[in-house]
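> here is my input, please return the structure:
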Amino acid sequence: MRVDEVMPDVYEALQERAENPDRHVIRTALRAFDRTIGGGLLPEKLVVVAAPPGMGKSAWVGTVTANAALMYGVPSVIFSMEMNRHELIGRFVMGQIRENSLDFTTGALGRTKEGLSRFIYGASKFNNKPLYVNDQPSMTLGKLLARMRRWYAKVLGEKPRRDEPPKPCLVGIDYLQLLEANDDDESDTTAEALGKMTRAFKKFAGEYKATVILISQLNRLWSKRGSKPVLQDLHGASAIEKDADMVIFPWIEPTKDADGKDVIASGPAELIIAKSRFSPSGTVPTYWKREYTRFEDIEEYRSEP
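Got it, this is the predicted structure:
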């Protein structure tokens, strides 16, 4: 098809995006990050988030999905194979009321009337908000995709046609290496199996015009080097990098405790955008609140001593 024949449709798409920007950008409320990537995450994209243990990759996805649903009304869901729904929801609430998430885990917050009142207040913020959790410790790729489709149909209805604008939504998957291959998968290597999974998620993002955030592990190369991650440190790097539209490495510079051991404490952090097909790569400042298991907008903390 000749370019000028399609140009009227392209012009119409531009007008629609200008008039309805919230259909085409999902804001995370991490303002420096949103500005860097052109306003927010885009539909039809596969975003991979990877980090060493304790660096907050699950927390970053939890922060973004909660912010999108609570602050901007974007239907968001986390499919977790690592944490159960009580842990996830407890973490969400503790983040909203700025209380130590350990006090939920141990039950300490619930031992006083004040603590219970605080929790109830935080829980009320989620009333009628489009935030969903789906926990299952073990799933095959096929079962997960079926759950994703059912969630979309229940919350958003039919998937948009090719000529329709997207219905903004955010799908988080925690995490890739816990997902099992389908029973009929004949992949010879782990990398091949991971490649089939990432291609399936990318296809889902395209078909449903959704934003899919996929958590991934790093490989052994990083553990030997121990510095800031690079694309080659992804577990199954070539397959994941090929399909990902964006790769983000949350990074918190470790500090030393009294025994000289590395500690990931609250403080300034970075979001390393190692790859992006729709925005510049680079490093974006953010702030890690370990107690709340959340990332916060850096601009809220720049005035602190």
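
> low-confidence bits of the stretch 51-200 of the chain, can you list those?
Applying pLDDT under 70 to the stretch 51-200 of the chain picks out residues 186-188.

> what about the helices in it?
57-72, 85-96, 102-105, 113-124, 141-156, 190-208 (DSSP state H, counting those that start in this stretch).

> distance to Phe278 added to those helices, as CSV?
From N, CA and C alone the C-beta is placed, and that goes for glycine too. As requested, the helices of the stretch 51-200 of the chain are arranged in CSV below (distance: least, CB to CB, whole Å):
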stretch, distance to Phe278
helix 57-72, 16
helix 85-96, 28
helix 102-105, 37
helix 113-124, 34
helix 141-156, 22
helix 190-208, 13
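
> which of the ones you listed is buried the deepest?
Between the helices of the stretch 51-200 of the chain, helix 57-72 has the highest mean count of neighbours, a mean of 23, where neighbours are mean count of other CB atoms under 10 Å.

> what angle do helix 85-96 and it make with each other?
Calculated by axes from the mean of the first three to the mean of the last three CA atoms, to 10 degrees, helix 57-72 forms an angle of 60 degrees with helix 85-96.

> residues in contact with helix 57-72?
The set of residues that contact helix 57-72 without belonging to it, under CB atoms under 8 Å, 6 or more residues apart in numbering, is 22, 26-30, 41, 49-51, 74-78, 82-83, 88, 91-92, 95-96, 125-126, 129-131, 170, 172, 174-175, 213, 215, 248, 250, 271, 293-295.

> what subset of those is buried?
Burial by neighbour count, 16 or more other CB atoms under 10 Å: within those this picks out 26-30, 41, 49-51, 74-78, 83, 88, 91-92, 95-96, 126, 130-131, 170, 172, 174-175, 213, 215, 248, 250, 271, 293-295.

> what residues of stretch 127-138 count as buried?
Residues of stretch 127-138 classed as buried under the neighbour-count rule (16+ other CB under 10 Å) are Pro130, Leu131, Tyr132, Val133, Asn134, Asp135.

> so what touches it?
Contacts of stretch 127-138 with the rest of the structure, by CB under 8 Å, 6+ apart, involve 65-66, 69-70, 73-85, 88-89, 92, 143, 147, 151, 155, 178, 180.

> Leu109: how many residues sit nearby?
Other residues within reach of Leu109 by the criterion other CB atoms under 10 Å amount to 23.

> from Leu194, how far off is it?
For Leu109, the distance to Leu194 under the criterion CB to CB, to the nearest Å works out to 39 Å.

> just Trp151 next, same as before
Distance, Trp151 to Leu194, using CB to CB: 23 Å.

> list the contacts of Arg225.
When the contact criterion is CB under 8 Å, 6+ apart, the partners of Arg225 are Asp233.

> could you do Leu109 as well?
With contact set as CB under 8 Å, 6+ apart, Leu109 has these partners: Met94, Glu99, Asp103, Gly115, Leu116, Arg118, Phe119.

> again, 7 Å this time
Counting by CB atoms under 7 Å, 6 or more residues apart in numbering, Leu109 touches Glu99, Asp103, Gly115, Arg118, Phe119.

> cool, and Val10?
Applying CB under 7 Å, 6+ apart, no residues contact Val10.

> separation between it and Arg17?
Between Val10 and Arg17 the computed distance is 11 Å (CB to CB).

> which non-adjacent residue is nearest Ile298?
Nearest residue to Ile298, sequence neighbours excluded (CB to CB, 6 or more residues apart in numbering): Pro285, at 4.4 Å.

> what does Tyr292 give?
Among residues not flanking Tyr292 along the chain, Gly95 sits closest, at 4.6 Å (CB to CB, 6+ apart).

> need the contact list for that neighbour.
Contacts of Gly95 were listed using CB under 7 Å, 6+ apart, and they are Ala66, Tyr292, Thr293, Arg294.

> repeat that for Ala29.
When contacts are counted by CB under 7 Å, 6+ apart, Ala29 is found next to Asn67, Met71, Asp297.

> and what about it, helix, strand or coil?
coil (DSSP: H, G, I helix; E, B strand; the rest coil).

> circling back to that earlier point, now distance to Glu164 too, for the buried residues of stretch 127-138, in CSV please.
Compiled in CSV, those are given as follows (distance: CB to CB, whole Å):
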residue, distance to Glu164
Pro130, 20
Leu131, 24
Tyr132, 23
Val133, 28
Asn134, 26
Asp135, 32
